[in-house]
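Participant: Sequence first, then the predicted structure, then my questions.
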Amino acid sequence: MRIQCVHAHPDDFEFVAAGTFSRFHLEKNATGLATICTDGAAGHHIHSREVTARIRRTEQEQALAMGSIGCEWLRLPDGNIPCEGCIDVGRLFLASLWKSIRQFQPNYLFCPPLPEDSLAGIHVDHVAVAEGVRKVAYLINVPHAFTREYPELENKEAQSCPTPVILQTHDSYSAGANGFDLAIDVEDQFDLIARMSWAHQSQIVEWLPWVGRHRMQPPSTLSDWEQMLRQRFLRRNREMGVTSPRIHEFFTVTAWGELPTMDQLLLDFPGIATEWSQLSVLEKRLIRWRAD
Ligand SMILES: [Zn+2]
């Protein structure tokens, strides 16, 4: 099995899907890939864009290596990684998503949510990635969709690429607008998630406390960070109505890609917390979508 998480920034993955990917890897022998769609260059208050991008790139690659997750920087057809805050959800961005997904051929693809509630806050890059994935979903199995952008693929024999099941992650920028079908118990992965996120020193020690969005004091040790991270995840549990002290990650199944059956999801996904997941609501939705 192959699973891919497409997200906007270096460090997004660690906060929404790292525990689930680790469980997939350990329990299902799945190969995981995180695809990062921006260069991360804007995310610091002291360093230049160039230095920030270099630091964040190293941090992200170290973090993913700890979790045995592959790392891909999304590249536009001209070879550049899209700039933070400036993703243009047009032909070139869709082409690069198309190429990435077709190359990896995931069974399951994860991306940020598209909040329906206009009162919900957003991060422009997260919404751009969600919109891009939604728009490109049908084109994943269209082999000549973007061969003008990638002419080297033009004369290759057309390869079929099965469209993955596409799921949305939780997004802390969209407080109040998050929903979920599946709650995955990642308590046993907490130490790993803490170490992976701790690798993003330029973010959790420097940038996020400075920018103030997350009401954070800078952690000075890994053990400090573990306590803060646990509180953050317990807040997320409460937001989602989960009163368990165990850490969970949350996912919503979309109809953007392949429509799964409930049986297939239950077979494939490790660690579904049945007491919290909205399985009967999801099953009804899947039956309606599939017209079974
Ligand atoms: Zn982000």
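Facilitator: Yep, it's here.
Participant: Spell out the residue ranges of the strands in the stretch 1-150 of the chain.
Facilitator: 2-7, 31-36, 70-73, 108-111 (DSSP state E, counting those that start in this stretch).
Participant: Go through those and name the closest to the ion.
Facilitator: Taking Cβ to the ion, strand 2-7 is the member of the strands of the stretch 1-150 of the chain nearest to the ion, at 6.7 Å. C-beta coordinates here come from the backbone N, C-alpha and C atoms, glycine included.
Participant: What lies in contact with the closest one?
Facilitator: With Cβ atoms under 8 Å, 6 or more residues apart in numbering as the test, strand 2-7 has contacts from 13, 16-17, 21, 24, 30-37, 74, 97, 100-101, 104-112, 126, 129, 133, 164, 169.
Participant: Out of those residues, which end up buried?
Facilitator: 13, 16-17, 21, 24, 30-37, 74, 97, 100-101, 104, 106-112, 126, 129, 133, 164, 169 (16 or more other Cβ atoms under 10 Å).
Participant: that older thread, export the strands of the stretch 1-150 of the chain as a markdown table, with columns for distance to Glu154 and mean pLDDT.
Facilitator: Formatted as a markdown table, the strands of the stretch 1-150 of the chain follow (distance: least, Cβ to Cβ, whole Å; pLDDT from 0 to 100):
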| stretch | distance to Glu154 | mean pLDDT |
| --- | --- | --- |
| strand 2-7 | 25 | 98 |
| strand 31-36 | 23 | 98 |
| strand 70-73 | 23 | 98 |
| strand 108-111 | 25 | 98 |
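Participant: Redo those strands as TSV? Include distance to Arg57.
Facilitator: Conversion of the strands of the stretch 1-150 of the chain to TSV gives the following (distance: least, Cβ to Cβ, whole Å):
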stretch	distance to Arg57
strand 2-7	15
strand 31-36	9
strand 70-73	7
strand 108-111	21
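Participant: Make TSV from those and add distance to the ion to it.
Facilitator: Listed next are the strands of the stretch 1-150 of the chain as TSV, based on distance: least, Cβ to the ion, whole Å:
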stretch	distance to the ion
strand 2-7	7
strand 31-36	10
strand 70-73	15
strand 108-111	12
